[in-house]
Each structure stands twice: as structure tokens, then as C-alpha cells.
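1. Model the following, please.
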Amino acid sequence: MLVGASGQAILVLYGPEGPDCHGVRDGRRCADAGSFSRVHVEATTDSPLETDADTIAVGVFEGDDIAHDSPDGALQALLEDGEARRAFKRLAVTHAEGRRWIVVGLGPRADFDAERARVAAAVAHARARELGVEVLCWEVPHHVSDQIVGGLVEGTMLHAYRFDRYRSGERDRGAERLLVSSHHEVADAVEAAAVVTAAQNMARDLGNTPANDLPPEALAARARELAAEGHGITVTTLDEGEIRDAGMGAFSAVAQSSGHGARLVKLRYRGPGATGPLVALVGKAITFDSGGLSLKGAAKMHEMKFDMCGGAAVIEAVGALARLGAPVDVLGVVGATENLPGPAAVKPGDIVRALDGTTVEINNTDAEGRLVLADCITYAIREGAERIVDIATLTGGVVVALGSAYAGLMSNDDALAERVQELGRSTGERVWRLPLDREYADMVKGRYADLTNLTERREASSITAAEFLHHFAGEVAWAHLDIAGTAYGVRRPYFDKGASGIGVRLLVALAQDLAG
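-> Coordinates of the predicted model:
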């Protein structure tokens, strides 16, 4: 945290800029100019007109007038003329005192929460981008919570994100700085929101990077970068031979046909004063999923670079917790590999032995994520995990059921599930709980082995996939997040068509909550 000339607290965050990307080719990092440049977020108690912002965003609730107008009353005049409106997301622009002003309708105060703040910030930033703004200042509405302050930061930063690493020519950057002006001190809320949102945008970067520049080793390299920042993260990586030698037969079966070696990435962070349980965050990271010999259709296969978004969320959530200095004890476990056809590929009908000794019939090689997660969950338990949350783009069935509005949640622990649901609401990364039941568990019993990776009955696919994982979690408190519908292509004003980074905010909040 720095201090500006006028006394405001300034948080400066850096995006991935400079000559390197996170891809690895032939053991060397590929040249790249980064996807988003430096992002500055500043909290100040100065009034907007006392800052150097060229554009000021002012929100107005239904039933209210402009709290702090420009000296010539230009903003209130916009309201009275009907050009500006108090209805949610309605915008109007004017000029006064040598600045641009964006008046943003916030709707009823009782309905305005952190999610509405994200949306309002996103639509304001969209207009600011059109206007060529360099420094945008949000005047925080009176009598709002720190969560709403954080929402203004999150919505702006998420909307400002652009993945243009591979585009030639001039890049569309938008505002280079965001100022958050409030009568009372909001620096802590601004800092926390900015750190976590920067991590989410980094997870989006990882998700958007094509598979030729993001093999499994690149995810391991990203974890090592976080460890090198010096915030207390330690990283251990197992290569494919070590995965196989450790007895992870389910994981290694998926990996055996790829020319890029698999990696199991373990991140450990124990923050200062941490006294809570060891929380394991387990992420699926299939850096490209062709379906293996059970080949996917061609029409949407290019989207399968996003099959590592769960692993990206885990890596970046651990990084955010460390940057925040959170008093948590957290273990990140990421299973990274490709799933490809080839002479060495696992075949439908093969039987493999998982790390815990369970034998598994592989009825469909495109149900590979649960095989990787099964061994990662067992690994986390052996590392002492007392709570486990896994996150994965696991099933198309959850997309059919919930679309992109909610992720699927399944859990063997009601208290843990309730906390995940509540924090999903507060972070805007909402989840909907689906049931577990013995009848569903019976459906994943194998004919020739203990389990099958895909039931022959075409029903309850998301739940039966979770029941498969439930077998490996056993009695340890466990929650499963199926983010297949929310990992990319989410229809929200602060997202584009690519990776969403969803999961980072929820995992950070959950780890902090469980530590308490």
C-alpha cells in the first residue's frame, strides 16, 4: 500500500505485462506482451473534484437527489430534465468543472447489493471506455456496506479485462486508474476487492490461453511464480512418472496419451495466526480435452481449452489468500493433464486402480475429470485435509440443469453446503445444491470393478459424477462445485465471452470463513 500526494491510500496492482506469458514451448517460456496492462486502484477520502480524475461516476437511488452536485448543479439538472434517470443501469453523461460526469441509476436502495454494484460499475466503465477515459473516479454512495464498495471495484476491474495477447496493432485499454472516493475510510475494502479481482482476472488469462501455450507444466510454472512472490506459498510438483509411481492409476490413465507430461501441483499456504482446519481446494485442470478415444464432436471442441478453469481458480485463489495475508491454513491440489486420443490412450473398457485402491471401469474416456479428481481428493486427504472443496468443469448435465446463472453444488456435509451457498450469494458466484442419495451412488457401481466412471443410464449425470467423487471423499467434509456452465461464456455485464474466472472469489471467501 502506497500513499498518494493528497494523503489517499493507493493500492497498485500489476497485470501480466512484459515479455513473458505463462505458456511453455520446448521447455522455454513463449514471448508475449501480456493480456492486460497495469491496473491501478486507489481509495481516497478526497472528494472527486479534489482528485485528478478526468471522469467521475455518481450513482443515484430512486427517491434521492444528487448528494454532491457539481458547483453549477449540472447533475441535478440532468435528473430534472429526464435525461438522467434513477432506474437501475440508466446512464447519462455531462460536462462540468472541466470533467466528464456519468450519472448512474442505482434503482431502489433496498435492492442495491454487491452484485448490483458490480453491474452498475460495469455499465459505467463501458461508457467510460467509449469516452476514452484515463482516470475514472467512483463517488461511493452514502450509507452503503464495504461489500458494495468492493462490488464497485470488482465490476470495474472485471469489465476492464481484455484478453488481447495474440492480437496485433493497438490495444484497447480503457481507464488506466480507478479511484474510489468516500467520506469514510474504505481502503481495506478496496484493497481486498482489488487483490481478489486481480486474481480472478489472472484465472481468466489462464483459461483463455490456448492449449498450445498452456500445457500442464505452464500451470505448475504459474504456481511457482506465486511462490516466488514471497507471501508464504510453498509449491511441490509431481511429474507424470511420479504420479504413476505414487499409485495414482486413475489420474495417470487419463494422461498417458499426451505428449505433454501431466503435473500434480500442490500449493500450501499457512497464514499468520492460522488456527482453523486445513482446507483443501482441489481443481480439475484438463488443459485440453478432446474426449480421448470417446472423441467429442468437432463443433465445440475448441472450447475445451477451458477445461482447466477449476484448476486455474484454485491456483489464483491460493495466491489471493497469500497476498491478503489471510490467517488461513489452505492446501491447493491441482491435477493438470491433457486428454487426447493416440496409440497409448486409455480405452473404453479398461480397468484402472485409483490411489486409494478402488478399481474403476472406464466406460467412456470423455468422463476423465472425475478420474483425475478422484486421485487428487485422496492425495489431499493423505496430506491431512479436514475440509475439501473441489471445483471442476465436470459435466454437460449441469449446464442443461442450471445454465450459466448457477454452478452445481453437491456435498456430504449440510453445514459446509450451507456456508458455500451463503458465500455464493454474497460473492455473486451463486451455487444451487443438488442431492446426493444412495440410489445415485448405486448407479456408479461397476460391473467388473468397484466403480464405473460413467453410468450406462442417461440420467442425473451431474449427480452421479458427484457420487463418484463422494466415494473418494468418504467421511471427510466435502463439497463439489460443477462449474461447467459458469466457467466461460457467462452472460453478465462485467464478463466477456471468454473465461470468467468464477470460483476465485467464492474459494477465497470460503477459506476465510472456514478459518474463523
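2. Every contact and neighbour count from this point should use C-alpha atoms.
-> OK.
3. and H231, which of the three is it?
-> Classification of H231 by DSSP: H, G, I helix; E, B strand; the rest coil places it in coil.
4. any idea how far R323 is from it?
-> 6 Å (CA to CA, to the nearest Å).
5. same check, this time on D46
-> Relative to R323, and taking CA to CA, D46 is found at 27 Å.
6. if I've got this straight, A128 is in a helix?
-> Yes - with three-state DSSP as the criterion, A128 is located in a helix.
7. Backbone dihedrals for G474, please?
-> Per-residue torsions, G474: phi 60, psi -130 (degrees, to the nearest 10).
8. For the stretch 1-150 of the chain, which segments count as helices?
-> Along the stretch 1-150 of the chain, counting by DSSP state H, counting those that start in this stretch, helices occupy 74-81, 114-130, 146-160.
9. list the buried ones in stretch 147-156?
-> 147-156 (16 or more other CA atoms under 10 Å).
10. Let me know the average pLDDT across that stretch.
-> What stretch 147-156 shows for mean pLDDT is 97.
11. And for stretch 90-107?
-> The average pLDDT within stretch 90-107 is 96.
12. For that stretch, measure first residue to last.
-> 9 Å.
13. show me what contacts the closest residue in space to G446 that isn't next to it in sequence?
-> Nearest residue to G446 in three dimensions, chain neighbours excluded: T452, at 4.6 Å (CA to CA, 6 or more residues apart in numbering). Neighbour list for T452: 360-363, 444-446 [criterion: CA atoms under 8 Å, 6 or more residues apart in numbering].
14. phi, psi of T452?
-> Phi and psi for T452, reported as degrees, to the nearest 10, are phi -120, psi 150.
15. From here on, call the first residue 20.
-> Sure thing, new numbering starts at 20, so read that last one as T471.
16. Roughly how far does the residue lying farthest from the centre of the chain sit from A76?
-> Distance from the C-alpha centroid of the chain peaks at D91, with 43.5 Å (CA atoms, centre = their mean). Using CA to CA, D91 is found at 17 Å from A76.
17. ok, now D532?
-> Here D532 is placed at a distance of 33 Å from A76 (CA to CA).
18. same deal with M267?
-> Distance, M267 to A76, using CA to CA: 54 Å.
19. what about the two, which has more around it?
-> Set M267 next to A76 and count neighbours by other CA atoms under 10 Å: M267 wins out with 25 against 22.
20. The more buried one contacts G376, correct?
-> No - contact between M267 and G376 fails when scored by CA atoms under 8 Å: they sit 9.2 Å apart.
21. how is the chain carved up into domains?
-> Here the domain parsing of the chain from automatic domain parsing is 21-215, 229-534.
22. ok now the first one, how far from the chain's centre?
-> Spelled out, that is domain 21-215. Taking the mean of its C-alpha atoms, domain 21-215 sits 20 Å from the chain's own mean (CA atoms, centre = their mean, to the nearest Å).
23. same question, stretch 222-242
-> 14 Å.
24. tell me which residues in that stretch are buried?
-> 222-230, 232-242.
25. quick one: average pLDDT of it?
-> Computed over stretch 222-242, the mean pLDDT rounds to 97.
26. Could you do stretch 247-267 as well?
-> Regarding stretch 247-267, the rounded mean pLDDT is 97.
27. That one: end-to-end distance?
-> End-to-end distance for stretch 247-267: 28 Å, by CA to CA.
28. outside of it, which residues touch it?
-> Contacts to stretch 247-267, defined as CA under 8 Å, 6+ apart, come from residues 239, 242-243, 245-246, 270-271, 274, 280-290, 338, 341-342, 344, 372-374, 394.
29. What of stretch 199-218?
-> Contacts for stretch 199-218 (CA under 8 Å, 6+ apart): 28-30, 32, 34, 60-67, 156-160, 165-166, 168-170, 172-173, 176-177, 335-336, 338-339, 342-343, 523-524, 527.
30. mind listing what the nearest residue to G174 once chain neighbours are set aside touches?
-> Nearest residue to G174 in three dimensions, chain neighbours excluded: R137, at 3.8 Å (CA to CA, 6+ apart). Contact partners of R137, counting by CA under 8 Å, 6+ apart, are 170-175, 513.
31. do A355 as well
-> 235, 238, 281-284, 303-306, 327, 330.
32. again with R406
-> Counting by CA under 8 Å, 6+ apart, R406 touches 296-299, 495-497.
33. Who wins on neighbours among the residues you listed?
-> Top of these by neighbour count (other CA under 10 Å): A299, with 27 neighbours.
34. partner strands of the helix or strand encompassing that residue, parallel or antiparallel?
-> According to DSSP states H and E, A299 maps onto strand 298-308. Using DSSP bridges, the strands paired with strand 298-308 are strand 348-358 (parallel), strand 406-411 (parallel).
35. in the stretch 220-369 of the chain, which spans are helices?
-> Secondary structure of the stretch 220-369 of the chain (DSSP H, counting those that start in this stretch): helices at 235-247, 259-264, 268-274, 328-343.
36. For those, could you give me JSON lines that also reports distance to A217?
-> Formatted as JSON lines, the helices of the stretch 220-369 of the chain follow (distance: least, CA to CA, whole Å):
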{"stretch": "helix 235-247", "distance to A217": "13"}
{"stretch": "helix 259-264", "distance to A217": "31"}
{"stretch": "helix 268-274", "distance to A217": "31"}
{"stretch": "helix 328-343", "distance to A217": "8"}
